[in-house]
Structures are given as C-alpha cells and as structure tokens.
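Engineer: A predicted structure for the sequence below; I have some questions about it.
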Amino acid sequence: MGPSDDGGITETIGRLHVHAGVRRDSLGEVLVAEVRAAWHIAPQDTVETVRAKVIGQVRRVLDTLSPKARLVGEVLLNMSYDLRLCADGYDERRVKLADLTRARGYSPSASYRTLQKEVQPALRRVVHGGAEPLSPADIDHIIVAERKHLARLPAAWPPRDNCPSNEQLERFIANDLYLSRPDEPGALPALDVPGHGKWIKVFTSINKLATDMGADTGEWLSLSARDLIENVYATGEPVGLLVDPHLGEVMYLTPDIVRELAEREH
C-alpha cells in the first residue's frame, strides 16, 4: 500500500514534522479523516484539544521505541518541553538536537533517517490499526502542560499564524524579485535577526525596493524567485526570506519553506 492509496495516511504522517510540527496552529487542517478517526479527534474539538490528542497518541507510540528514536521523534515533531530543543522550524530543531547531544547518531541527517525508518512507520501502523482514546484526564494534563510551555517561550517570530498558502507561494515563485546588492560579488545580502537566524529582504517591484531603501536605489539587483531560491538553497545554510517587509502584509518564507520550494523545483 503506497501513499496514494491509503487515504493520505502516509502523506499526513510524513509531514507531521514540517514547520512547527505538532505545535502548528493549523494542525487540525493537515490531518486527513483517517488519522483524525484513528486518534479520536472530533469536529468540535478545539485547537488545544486536537494538539493534546495528537501529542498524547504520538507519545504513546514513541514510548514503545528505542530511547534514540523517542528523543528524535519528540524533537523533530516539536513535542519537547526542553526550550533548548524547541523551534518553529524543522531544520532548526534538527540542528539544535545535533548541537545539544554532540553524538554521531543525532546529526541532522541521521535524525531524519531515524524519523523516516523508525518513528513514521510506527505511527502509520498505529493509525492503520486504530488506537485507544486518551482519557479526559490525560487530555487535560497535556493541555495544561502545553499552556505552561507556551508561556515560557519567547514571542514567536515569524508569527505562528503567518504561513503562506500554496496559492501565495505559486504567485511568489513566478515573480521577479528585487533586493539590495551585497557587498561581495556572489554573496547574498542576508541579515542576522537576533535569536531568529538569517533572513534576506526581497521586494516584488523596484518601487517597493525604492520605498525601503529611500532615495539611493543604485545598489540593487534583480533575479527570478526561482533563481534566488536556488542560490539560497545552494549555500546549505538555513536562510529565510522577508517578502516586501515594512510595506503592509509582509510574507515570511522560513528556511523550511525555502528548502521545500527548492526541492520542489528539482
């Protein structure tokens, strides 16, 4: 049985780790009906309840796996309560796990293999076989724990609810972009945002760039969105894009989204 004939279970489980993982605000929207049914998620469940049920069911499965797979699953799916291992970006969580453990089996690539070969198959088996519902007390306990965890986190940036739709991404990828020219030829004009990694400001028109830069618009360059995505991806570094910042509705393309767009084009 492949991903195309199991009701979307394989695809859903295979994407639980992306972006903010099980802590994304849109979690309920990405779960296909078969997964919702297996984990006893009801249409009237709140966002908090959906998250609690998913975390509880996933944790049950992780508790049956090796200590290594359990840790990898908790971090990559964004279920950890250790602030050193939490981030809204999947790539950032992989790097944090590698940096904290300093162990060979926890490199970013090794962790992803563990996720694919141990964690995801175990989750699929449980979904296909069905799972016992969590008790109301267990659900309430997880909700309280999540609220306490959220209260300890610094303010989310980019905002958790600022996730571009597929339609927005399709429009973006077809654009020509304008950005300030870097000091060194061939480099990218990435800015270090304290606590949030590297970002590049890009604009969808020369007029928008001029508004941001002021009177001096001499030092700028233009390239297609596809070329920029490819150039960023080729660096191997997690770099995000700020599209039309300071001009109303800024679009945040996180390093995870940039990587996904690049891999989609390959």
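Structural biologist: Sure, I can see it.
Engineer: contacts, neighbours, all on C-alpha from now
Structural biologist: Noted.
Engineer: care to break the chain down by domain?
Structural biologist: Annotated domains of the chain cover 9-151, 166-265 [automatic domain parsing].
Engineer: Please identify the deepest-packed of those domains.
Structural biologist: Here the criterion is mean neighbour count by mean count of other C-alpha atoms under 10 Å, and of the domains of the chain the winner is domain 9-151, at a mean of 18.
Engineer: Comparing the domains of the chain, which yields the minimum mean pLDDT?
Structural biologist: Least confidently modelled of these is domain 166-265, at a mean of 81 by mean pLDDT.
Engineer: That domain: how far from the chain's middle?
Structural biologist: 18 Å (C-alpha atoms, centre = their mean, to the nearest Å).
Engineer: What's the end-to-end length of that domain?
Structural biologist: One end of domain 166-265 to the other measures 14 Å (C-alpha to C-alpha, to the nearest Å).
Engineer: cool, and stretch 22-33?
Structural biologist: Counting by C-alpha to C-alpha, the terminal residues of stretch 22-33 are separated by 17 Å.
Engineer: What segments of the chain are helices?
Structural biologist: Counting by DSSP state H, the chain has these helices, from start to end: 9-14, 27-30, 33-38, 47-62, 67-76, 90-101, 108-114, 120-129, 136-152, 166-173, 206-213, 225-234, 255-265.
Engineer: Tell me which of these sits nearest to His196.
Structural biologist: helix 90-101 (9.7 Å; C-alpha to C-alpha).
Engineer: I'd like the distance from that closest one to the chain centre, please.
Structural biologist: 13 Å.
Engineer: Identify the residues contacting it?
Structural biologist: The contact list for helix 90-101 (C-alpha atoms under 8 Å, 6 or more residues apart in numbering) reads 17-21, 72, 75-78, 84-87, 106-108, 111, 238, 255-256.
Engineer: For Val232, see how far away the residue lying closest to Glu219 once chain neighbours are set aside is.
Structural biologist: Spatial nearest neighbour of Glu219, chain neighbours left out: Arg181 (5.3 Å); criterion: C-alpha to C-alpha, 6 or more residues apart in numbering. Separation of Arg181 from Val232 (C-alpha to C-alpha): 15 Å.
Engineer: Would you report the backbone torsion angles of Leu134?
Structural biologist: Dihedral angles of Leu134 (phi, psi; degrees, to the nearest 10) stand at phi -70, psi 150.
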